[in-house]
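A.B. asks: the following block contains a protein sequence and its predicted model.
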There are 4 protein chains.
Amino acid sequence: MERSSVETAVLLIQCPDQRGLIAKISGRVHGFEGNIVSLDQHSTAPEGGLFYMRLEFRFDPKLRDRARLEAELGALALELSARWTVRYASQRPRCGVLVSSQLHCLLDLLYRHSAGELPMDIACILSNHTAAERWALHYGLPFVHVPANAANREAAENEILGRVGTSTDFLVLARYMQILSPEFLVRYGRDIINIHHSFLPSFKGANPYQQAYERGVKVIGATAHFVTGDLDEGPIIEQMVQRVSHRDDVDALRRKGRDLERMALGHALEAYTSQRVIRDGNKTIVFD
Amino acid sequence: MERSSVETAVLLIQCPDQRGLIAKISGRVHGFEGNIVSLDQHSTAPEGGLFYMRLEFRFDPKLRDRARLEAELGALALELSARWTVRYASQRPRCGVLVSSQLHCLLDLLYRHSAGELPMDIACILSNHTAAERWALHYGLPFVHVPANAANREAAENEILGRVGTSTDFLVLARYMQILSPEFLVRYGRDIINIHHSFLPSFKGANPYQQAYERGVKVIGATAHFVTGDLDEGPIIEQMVQRVSHRDDVDALRRKGRDLERMALGHALEAYTSQRVIRDGNKTIVFD
Amino acid sequence: MERSSVETAVLLIQCPDQRGLIAKISGRVHGFEGNIVSLDQHSTAPEGGLFYMRLEFRFDPKLRDRARLEAELGALALELSARWTVRYASQRPRCGVLVSSQLHCLLDLLYRHSAGELPMDIACILSNHTAAERWALHYGLPFVHVPANAANREAAENEILGRVGTSTDFLVLARYMQILSPEFLVRYGRDIINIHHSFLPSFKGANPYQQAYERGVKVIGATAHFVTGDLDEGPIIEQMVQRVSHRDDVDALRRKGRDLERMALGHALEAYTSQRVIRDGNKTIVFD
Amino acid sequence: MERSSVETAVLLIQCPDQRGLIAKISGRVHGFEGNIVSLDQHSTAPEGGLFYMRLEFRFDPKLRDRARLEAELGALALELSARWTVRYASQRPRCGVLVSSQLHCLLDLLYRHSAGELPMDIACILSNHTAAERWALHYGLPFVHVPANAANREAAENEILGRVGTSTDFLVLARYMQILSPEFLVRYGRDIINIHHSFLPSFKGANPYQQAYERGVKVIGATAHFVTGDLDEGPIIEQMVQRVSHRDDVDALRRKGRDLERMALGHALEAYTSQRVIRDGNKTIVFD
């Protein structure tokens, strides 16, 4: 196999557990000359559980093109009653970023992306504020200003959809302070990752640092999660926490929280774009 | 000052903030020949806030006996509209421990106590189970079996009060799985410290690890807090957290949580018995 | 497969990486009716690296007895130029514990064992002090007092070897303050796990908390590692760390360090006895 | 006291401990109408130790100008054999930043500064590479390119000194990969803060992530410290740590380490510029 012609793919698969699954799946991949680079699996119970697998493999598209490979994987999945996706390293997912006036998560994301930590492309940055524009410019990325408020939500969401509907594979809400409507979620139909500035399920909704201050907690957190129709209730991808004390007023919590938010979002995106996240119901499997 | 005659005291004080407070209080202590060993203070705002102070000082009881010292502190407190307590190192607080069948927090507490980490005396161990008895025996501590359930709560609480009413300064619920009635709390009238097996305010009530598993959190926690009439709502003293993953089933969360519970309770008790905790409303000031 | 007759085994294997390894090994296990429960693997490089695998599987000893299973695994290993071990859940490893006068790690280990966290048997507790004896008694475990010092090391080590030479599969040094000679290590010839009270490679040798205090570090640690002929240089299994400050004198560091030591040792033993640790040269692979 | 005319000052003081120190110092500040906002102190021993204090107070420069205030503090310090500094909130320290080609610490510092987290002014950015230039431009800060290598060190250091000698109060080495000569340190004569990409004292010198990988540690770290003539030996201000595993190759350690480096440097600078760091010999006192 010449190196130049080799393609790397990641198969994510989930199905009811059954005997011989690992041997069967890895055998099948081996069968079409795929070279397994790494395999991670999880089963919720030794018998009768659910089975999740991440399989990273290399193959030669000249010997087996993608269409045929996907046909074979599809047939296998049918046998196993499995849900599956396959992604190719050469085909980076395209991301749309929504942000409001607080830019720390966006700047962190842009830095990580420029440093090669996030295998994705950024299609555009959208904001209901203008503060992010000079950063988009600095990084040479398209910027779209979409004024949004309670009154014009439908129009704003239509504009956003117009921009990201076909050009992105997923969205990131990097401290986007507008609530997206259930209709938007349905129409977009792909993954949306949000960073919430609390240790969910504590302190949902508005002003979580104020809530944390009032409750007198000794640890604060931030949570990166998939967005669902239930506010702050979607499957959690990553959480980061930090000790605080009585000395920390609400502003200090916000300042410390910013570090947590950008770390949690950065780690979540790194896992997601590396195809290490399987979403199932209200939970996630995040392979290391 | 001869060393043998020296007494160490800790003054905890809280009052409305005002100019010159630190100078005034420390000057007063200096005035009765007290030697300030350490001073910690916290103010919620530069002006118009609340003021909290911990003052550890040495004094010679031959020159100034406790009664006189307390009279002077009382007079000062009156001037400042302050709430205050003073504790002497030679007068260790007496603790009653309530526990059910899970012994990890009790054993940890007993170990820390025997290692000299907790400046307190253990008056007795009470349990609605018998599993703790052999440990009480092993450590040479009184054990009282108080069968307790929903039906006999009043009688059980009466028996507990009979045992700890005059012999203890505070109670520790070291995984005691019975709810104490509001009447008990009023009648006992002193501090009660509980360890709750979740990162409060998430997952109050029963079976928090099951709740955490179902929510799919990526970090679990344990919380040591003062008991109030509102279940799992009292002022938080200490919280410990740890990363978990999809690999952790409910049993694994329980096992990992045990480490957090005993650490959180141990640290909370170490701070409390060292007179480093000021309780104010629904919050605590915990000086390092 | 009837449940009662099912045996669970863990295969740990390491070999040069090559194409098709996972398919080959899992296929072979599937071939002898083994049902793979979980599979973890690690490869140091996509090509030309080293390959490590942990395979947990169930099999029916009536269909395939251990001797035959091991013969098949041995043949496979030969093909792959692999080092391998297989352990059966029904055959718990036997542990000898050495301890000196500080008992916190021993007590923690005994508690974890009694709580079912450590799938191993404790063959005996050996100490150059007598403080542990009452604890051995309390837990119903054999205790051997082996006075040891610089002068009688050879005799002491002979006595230890006489006690653990055939009755144990590995040793734990739970704060054993005597250095074991290279001859002892060779003669014992099995794994020995030590807990060192620093964040290795910082602060090797004697009195690490004093060293940490003098260097003014802001984080302290503890390290569980395999013992080799080079003091404090063996492969690291687990490390735990905690923030400290200028307020912590050497005694405070020791006290905080005790928590780290017992956590690090406990987690290392849990991984080791669950057959999740592969030792290779000066490193370890620790599967989650 | 009208708010508009009020000045906030921080006094840092260190001296041999003695009876009545806190009362004396706070009384003196109260004496010149200073209103103590917060007081932190630390003593290394109840008797015969060293005493450190941070005192934040407000005063009215119209009633007591700085010169007079400093004269009074100087007289007090003389009485106490104390070293001391006083800084005014209205007089932000001026910082020079040196950086090479890795920009993550610089970008983080610039972000934190722009977010108001660091009460300092950035006088200029100096680099032996040109990568930072566009960022200096973006933030509107002076940039100086100082080509530096082993051959021209003296000339380069002269140029740096020419630029920062009078315009800065301290320097930050935000991943500056050139070693500054002892002569430079003496001639500059003020604080220099470095971020080292390991958990010191482990892995001093070049390529610490490679060293960490080879040693097989399970936790990596980063250390912010004052620069002294001994490489990587200066007083530690802050350390951050993170778990790693066998899965992390050197590149992964570098990537994870970048998060630690910018957090450690950010927190160290936040403490330093808030006048919460006292440097004494090879250690620091860092008040929370």
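C.D. replies: Yep, that arrived.
A.B. asks: next one, pLDDT for A:A156 please.
C.D. replies: The model reports A:A156 with a pLDDT of 95.
A.B. asks: neighbours of it, how many?
C.D. replies: 20 (other CB atoms under 10 Å in any protein chain shown). For the C-beta atoms, the positions are set from N, CA and C on the backbone; glycine is no exception.
A.B. asks: is it true that it touches A:A148?
C.D. replies: Yes - shown here, A:A156 and A:A148 form a contact pair, counting by CB atoms under 8 Å, at 3.9 Å.
A.B. asks: any shared contact partners between those two?
C.D. replies: Taking CB atoms under 8 Å, 6 or more residues apart in numbering or on different chains as the contact rule, A:A156 and A:A148 both touch A:128, A:178.
A.B. asks: quick one: mean pLDDT for stretch A:235-243?
C.D. replies: Rounded mean pLDDT across stretch A:235-243 is 97.
A.B. asks: touching chain B at all, it?
C.D. replies: Yes - on the criterion CB under 8 Å from any CB of the partner chain, stretch A:235-243 is in touch with chain B at A:235-241.
A.B. asks: secondary structure and neighbour count added to those residues, as TSV?
C.D. replies: Below are those laid out as TSV (DSSP: H, G, I helix; E, B strand; the rest coil; neighbours: other CB atoms under 10 Å in any protein chain shown):
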residue	secondary structure	neighbour count
A:P235	coil	20
A:I236	strand	24
A:I237	strand	26
A:E238	strand	26
A:Q239	strand	25
A:M240	strand	24
A:V241	strand	21
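A.B. asks: okay, those in CSV with distance to chain D next?
C.D. replies: Putting the residues of stretch A:235-243 next to chain B into CSV (distance: CB to the nearest CB, whole Å) gives the following:
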residue, distance to chain D
A:P235, 23
A:I236, 19
A:I237, 17
A:E238, 13
A:Q239, 15
A:M240, 10
A:V241, 13
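A.B. asks: do stretch A:261-275 and chain D meet?
C.D. replies: Yes - Stretch A:261-275 comes into contact with chain D (CB under 8 Å from any CB), by way of A:263, A:266.
A.B. asks: quick one: end-to-end length of stretch A:124-134, please.
C.D. replies: Taking CA to CA, to the nearest Å, the span from the opening residue of stretch A:124-134 to its closing residue is 13 Å.
A.B. asks: that one: how far from the chain's middle?
C.D. replies: What separates the centre of stretch A:124-134 from the centre of its chain is 21 Å, taken as CA atoms, centre = their mean, to the nearest Å.
A.B. asks: need the contact list for the closest residue in space to A:R243 that isn't next to it in sequence.
C.D. replies: Of all residues not flanking A:R243 in the chain, A:V219 sits nearest, at 5.7 Å (CB to CB, 6 or more residues apart in numbering or on different chains). Residues near A:V219 by CB under 8 Å, 6+ apart: A:199, A:241-244, B:199, B:221, B:239-241.
A.B. asks: hmm, 6 Å instead?
C.D. replies: The contact partners of A:V219, by CB atoms under 6 Å, 6 or more residues apart in numbering or on different chains, come to A:241, A:243, B:239, B:241.
A.B. asks: same thing with A:T273?
C.D. replies: By CB under 6 Å, 6+ apart, the contact list for A:T273 reads A:93, A:118-120.
A.B. asks: tell me the one of these nearest B:S114?
C.D. replies: Ranked by distance to B:S114 (CB to CB), these are led by A:L118 at 51.6 Å.
A.B. asks: that closest one reaches A:R112, doesn't it?
C.D. replies: Yes - taking contacts as CB atoms under 6 Å, A:L118 lies within contact range of A:R112: 5.3 Å.
A.B. asks: any idea how far apart the tips of stretch A:93-104 sit?
C.D. replies: End-to-end distance for stretch A:93-104, by CA to CA: 23 Å.
A.B. asks: any idea of the mean pLDDT in that stretch?
C.D. replies: Stretch A:93-104 comes out at a mean pLDDT of 97.
A.B. asks: briefly note if it comes near chain D.
C.D. replies: No - with CB under 6 Å from any CB of the partner chain as the criterion, chain D is not reached by stretch A:93-104; the gap is at least 6.8 Å.
A.B. asks: likewise stretch A:39-48?
C.D. replies: No - using CB under 6 Å from any CB, we find that stretch A:39-48 stays clear of chain D, coming within 10.1 Å at best.
A.B. asks: quick one: name the residues of chain A near chain B.
C.D. replies: By CB under 6 Å from any CB, the residues of chain A that approach chain B are A:42, A:201-202, A:215-219, A:236, A:238-239, A:241, A:246, A:283, A:285.
A.B. asks: residues near the nearest residue to A:G165 once chain neighbours are set aside, how many?
C.D. replies: Of all residues beyond its chain neighbours, the one nearest A:G165 is A:Y188 (7.2 Å), with distances taken as CB to CB, 6+ apart. Neighbours of A:Y188 under the rule other CB under 10 Å: 20.
A.B. asks: next secondary structure after the lengthiest helix in chain A?
C.D. replies: As assigned by DSSP state H, the longest helix anywhere in chain A is helix A:250-273. For helix A:250-273, the following helix or strand on the C-terminal side (DSSP states H and E) is strand A:277-280.
A.B. asks: strands paired with the helix or strand just after that next one, and their directions?
C.D. replies: Counting by DSSP H and E, the element after strand A:277-280 in chain order, helix or strand, is strand A:283-286. Strand A:283-286 pairs in its sheet with strand A:277-280 (antiparallel), by DSSP bridges.
A.B. asks: so which bits of the partner strand are buried?
C.D. replies: In terms of neighbour count (16 or more other CB atoms under 10 Å in any protein chain shown), strand A:277-280 has its buried residues at A:277-279.
A.B. asks: and what of stretch A:158-175?
C.D. replies: Residues of stretch A:158-175 classed as buried: A:159-160, A:163-164, A:168-175 (neighbour count, 16+ other CB under 10 Å).
A.B. asks: ok, now stretch A:244-251?
C.D. replies: By 16+ other CB under 10 Å, the buried positions in stretch A:244-251 come out as A:244, A:246, A:248.
A.B. asks: wait, which of those is closest to chain C?
C.D. replies: Of all those, chain C sits closest to A:V244, with 12.9 Å by CB to the nearest CB.
A.B. asks: that closest one against A:V217, yeah?
C.D. replies: No - look at A:V244 against A:V217 with CB under 6 Å: they stay out of range, at 7.2 Å.
A.B. asks: for the stretch 51-200 of chain A, just list every one of the helices.
C.D. replies: For the stretch 51-200 of chain A, the helices defined by DSSP state H, counting those that start in this stretch occupy A:66-80, A:104-114, A:133-139, A:153-164, A:182-188.
A.B. asks: just these: most buried one?
C.D. replies: helix A:104-114 (a mean of 22; mean count of other CB atoms under 10 Å in any protein chain shown).
A.B. asks: for that one, give me every contacting residue.
C.D. replies: A:99, A:118, A:132, A:139, A:174-175, A:195, A:258, A:261-262, A:265-266, D:107, D:111.
A.B. asks: any idea of the angle it forms with helix D:250-273?
C.D. replies: Relative orientation of helix A:104-114 versus helix D:250-273 (axes from the mean of the first three to the mean of the last three CA atoms, to 10 degrees): 140 degrees.
A.B. asks: residue of the stretch 101-250 of chain A nearest chain B, please.
C.D. replies: Counting by CB to the nearest CB, the stretch 101-250 of chain A gets nearest chain B through A:G216, at 3.6 Å.
A.B. asks: and that residue, what is it in contact with?
C.D. replies: Counting by CB under 6 Å, 6+ apart, A:G216 has contacts B:236, B:283.
A.B. asks: now with 10 Å?
C.D. replies: Applying CB atoms under 10 Å, 6 or more residues apart in numbering or on different chains, we find A:G216 in contact with A:244, A:246, B:200, B:225, B:234-237, B:280-285.
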